[in-house]
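1. Just need the structure, nothing else, for what follows:
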Amino acid sequence: MLVYAQLGLWGFFLYGFGPVVPLLRDEQGTTAAVASLHSTGLAAGGLIGASAFPWLVGRLGRGGVLWLALAGVAGSVVVLCAFEPLPATLGAAVLASTFGTMIVIGVNAALADHHGPGATAAISEANAVAAGAGVLAPIVIGLSASAGFGWRPGIAVVVGLIALLFAAGFLFRVRLPAVVAPPSTVSGRRPLPRSYWLAWAMMSATGSVEVCLSLWAADVLRTHAGMSPAAASATVAAIVGGMFAGRLVGSALARRVAPVPLLLGALATSLVGFAIFWASSVAWVAAAGLMVLGLGNAMHFPLGVSMALAVADGQRDRASAYAMYASAIGFGIAPVALGWVSDGVGPHRAFLLMPLFIAVAAVLAVRLRRAMAVREAVSDGAPA
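-> The predicted model follows:
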């Protein structure tokens, strides 16, 4: 339960930060392309966190790194709320993502070690907790903005929640699962297999879908559905609400349905939700489309990372860290591309990039299924 809570607090910040970006753009007077640099900051932090995590685990242990990362997220939020200039908010985004990435890596690896074959369901449940916390974040931020307090008190709630979790962990002396060492090899660290890199590329595509929605859905609601900035920021919670429900259902389905077919179904659901959202200029219909999108998006990351870890030949901390590079690429490139296109044709038309990301992910998923089938056939035919 502790690792679920740790991931949930990162989810509160991450899903709350998306609706904050358009409000920051209004404060700073920047263009959509410049505001999208905050997503580049998230990507840069993801790369730093993924690179640093294996080194830190070797010195502090997985539990020590997770507590350090939570403290780092809290400090980053303080910086974000205390300073308004663009360099400061970009720096806060980099710092928050650096530490948040470590939380994601550590939680995924811990659950994979602890649950073994049931890791897909456990990772889905943990991400459901993150999505559940993320449902609250845009609502809290929207209410804070509507009440005239601005967005800062809303996002700062996570600092108090992190302090409470530290207190609970200290009082109850909760320990995290120990690292399970991979089998040793004569040549040292082994290369990750081709099937892992297919899963890696697929996660980059699905990550592009999620981050573009998080950062720019509020803009489409404002310009195409005629919503106020505060209402649009709060309505982004529909995505996370759909993700919360989708991960609860998905964790049960993951026990019965193979990962790749389940992912293809999730991608198809995302495409339907996108069509509803993009085609409608009526606020409540667009919000319903966002919820359907969230239902589809719910299982993109849990399925992708669980498949990547399953084919990583026991190198779970390393494979989980590398998987965050895929997310960082999606976070760094896709929103900037969408923001650049948006400055030319508007956010509504720019969102037509989304079906392209979904299609790329589907193609990679089919290729991954074939690679996994070959891998299983070779494993079954290997001599005992």
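2. ok, now how distant is the residue nearest to L37 when sequence neighbours are not counted from S233?
-> For L37, ignoring the flanking residues on the chain, the nearest one in space by C-beta to C-beta, 6 or more residues apart in numbering is L90 at 6.0 Å. C-beta: built from backbone N, CA, C; applies to glycine. According to C-beta to C-beta, to the nearest Å, L90 stands 20 Å off from S233.
3. ok, now L171?
-> Relative to S233, L171 is positioned 35 Å away (C-beta to C-beta).
4. Same check on L95?
-> 23 Å.
5. the more surrounded of the two?
-> Neighbour tally, L95 and S233, criterion other C-beta atoms under 10 Å: the higher count belongs to S233, 32 against 21.
6. The more buried one: what's it in contact with?
-> By C-beta atoms under 8 Å, 6 or more residues apart in numbering, the contact list for S233 reads 19-20, 22-23, 138, 141-142, 145, 151, 218.
7. Kindly indicate which of those residues lies nearest S342.
-> P22 (11.4 Å; C-beta to C-beta).
8. Tell me how far E125 lies from V345.
-> Distance from E125 to V345, counting by C-beta to C-beta: 40 Å.
9. what does N127 give?
-> 33 Å.
10. what's the answer for A96, then?
-> Distance from A96 to V345, by C-beta to C-beta: 31 Å.
11. got it, and A334?
-> Noted for A334: a distance of 16 Å to V345, by C-beta to C-beta.
12. More neighbours: those two, which one.
-> A334 (27 against 10).
13. Tell me how far the helix or strand containing that one lies from the chain's centre.
-> Assigned by DSSP states H and E, A334 falls within helix 316-345. Relative to its chain's centre, helix 316-345 lies at 10 Å (C-alpha atoms, centre = their mean, to the nearest Å).
14. just checking, what packs against the helix or strand just after that helix?
-> Using DSSP H and E, the helix or strand that follows helix 316-345 in sequence is helix 347-350. In terms of contacts (3 or more C-beta pairs under 8 Å, 6 or more residues apart in numbering; DSSP states H and E), helix 347-350 is packed against helix 194-223, helix 316-345.
15. before we move on, back to that, which strands and helices lie in contact with the helix holding A334?
-> Short answer (3+ C-beta pairs under 8 Å, 6+ apart): helix 316-345 packs on helix 32-35, helix 37-82, helix 86-115, helix 194-223, helix 300-310, helix 347-350, helix 353-381.
16. need the contact list for the closest residue in space to G330 that isn't next to it in sequence.
-> Excluding its sequence neighbours, the residue lying closest to G330 (C-beta to C-beta, 6+ apart) is G207, at 3.1 Å. Residues in contact with G207 (C-beta under 8 Å, 6+ apart) are 300-301, 326-327, 329-331, 334.
17. cool, and F12?
-> 133-134, 136-137, 157-158, 161.
18. same question, F244
-> Contacts of F244 by C-beta under 8 Å, 6+ apart are 128, 131-132, 134-135, 294, 298.
19. what about it, which helix or strand?
-> Using DSSP H and E, F244 sits in helix 237-253.
20. so of the contacts of F244, which ones are in helices?
-> Using DSSP state H, the members of those that fall within helices are 128, 131-132, 134-135, 294.
21. ok, of those residues, which one's closest to I103?
-> G134 (13.7 Å).
22. ok so, going back, now, of the contacts of S233, which are buried?
-> Taking 16 or more other C-beta atoms under 10 Å as the criterion, what is buried in the contacts of S233 is 19-20, 22-23, 138, 141-142, 145, 151, 218.
23. Just the C-alpha atoms of stretch 264-281, please, in PDB.
-> Provided in PDB are the C-alpha atoms of stretch 264-281 (Å, rounded to 0.1, in the frame of the first residue of the first chain):
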ATOM      1  CA  LEU A 264      -5.100  -3.100 -28.900                       C
ATOM      2  CA  GLY A 265      -8.600  -2.800 -27.400                       C
ATOM      3  CA  ALA A 266      -7.400   0.100 -25.300                       C
ATOM      4  CA  LEU A 267      -6.000   1.900 -28.300                       C
ATOM      5  CA  ALA A 268      -9.300   1.400 -30.200                       C
ATOM      6  CA  THR A 269     -11.200   2.900 -27.300                       C
ATOM      7  CA  SER A 270      -8.800   5.900 -27.200                       C
ATOM      8  CA  LEU A 271      -9.500   6.500 -30.900                       C
ATOM      9  CA  VAL A 272     -13.300   6.400 -30.400                       C
ATOM     10  CA  GLY A 273     -12.900   8.900 -27.500                       C
ATOM     11  CA  PHE A 274     -10.700  11.200 -29.500                       C
ATOM     12  CA  ALA A 275     -13.300  11.200 -32.300                       C
ATOM     13  CA  ILE A 276     -16.000  12.300 -29.900                       C
ATOM     14  CA  PHE A 277     -13.900  14.900 -28.200                       C
ATOM     15  CA  TRP A 278     -12.500  16.400 -31.400                       C
ATOM     16  CA  ALA A 279     -15.700  16.500 -33.400                       C
ATOM     17  CA  SER A 280     -17.900  18.200 -30.700                       C
ATOM     18  CA  SER A 281     -18.200  21.900 -29.900                       C
END
